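**Student:** Sequence below, structure please.
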Amino acid sequence: MIFCFGSSQPSPAQKLKEQGVGIMLISSDTEEIMELSDRAVTVYQGHVNAMFMKENLNQNDLLSATLNVVGDEKVV
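**Tutor:** Below is the predicted model:
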């Protein structure tokens, strides 16, 4: 599926989201995740290590969790 970000037309994923359809988006593009996700889950070495709700989702924390680091401490 091709998504067109920055377009004035809603992407296919945005249309589905508006219809209440659940979507599992797997991406390394943090901007895409921030734009489309209501909730983001990160996995490190095969284990879920963090979950963020839309209101708490920011690029720094998301990137830190993907590397299993928050500040100087590892994510549990």
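**Student:** show me what contacts Leu36?
**Tutor:** Counting by Cβ atoms under 8 Å, 6 or more residues apart in numbering, Leu36 makes contact with Ser11, Ala13, Gln14, Lys17, Ile23, Leu25. In short, each C-beta sits where N, CA and C put it, glycine included.
**Student:** So for the protein, which residue is the most central one in space?
**Tutor:** For the chain, the residue nearest the mean C-alpha position is Ile33 (3.3 Å; Cα atoms, centre = their mean).
**Student:** Would you mind measuring from Tyr44 to Leu25?
**Tutor:** In this view, Tyr44 and Leu25 are 18 Å apart by Cβ to Cβ, to the nearest Å.
**Student:** wait, doesn't Val43 sit right on Met51?
**Tutor:** No - using Cβ atoms under 8 Å, Val43 is not in contact with Met51; the gap is 10.4 Å.
**Student:** Give me the neighbour count for Asn60.
**Tutor:** Other residues within reach of Asn60, judged by other Cβ atoms under 10 Å, total 9.
**Student:** Ser37 too?
**Tutor:** Every residue meeting other Cβ under 10 Å relative to Ser37 is counted, giving 19.
**Student:** For it, give me its contacts.
**Tutor:** Neighbours of Ser37 in contact, by Cβ under 8 Å, 6+ apart: Leu25, Lys54, Leu57.
**Student:** can you pull up the bridge partners for Val48?
**Tutor:** Assessed by DSSP bridges, Val48 has beta-bridge partners Val43.
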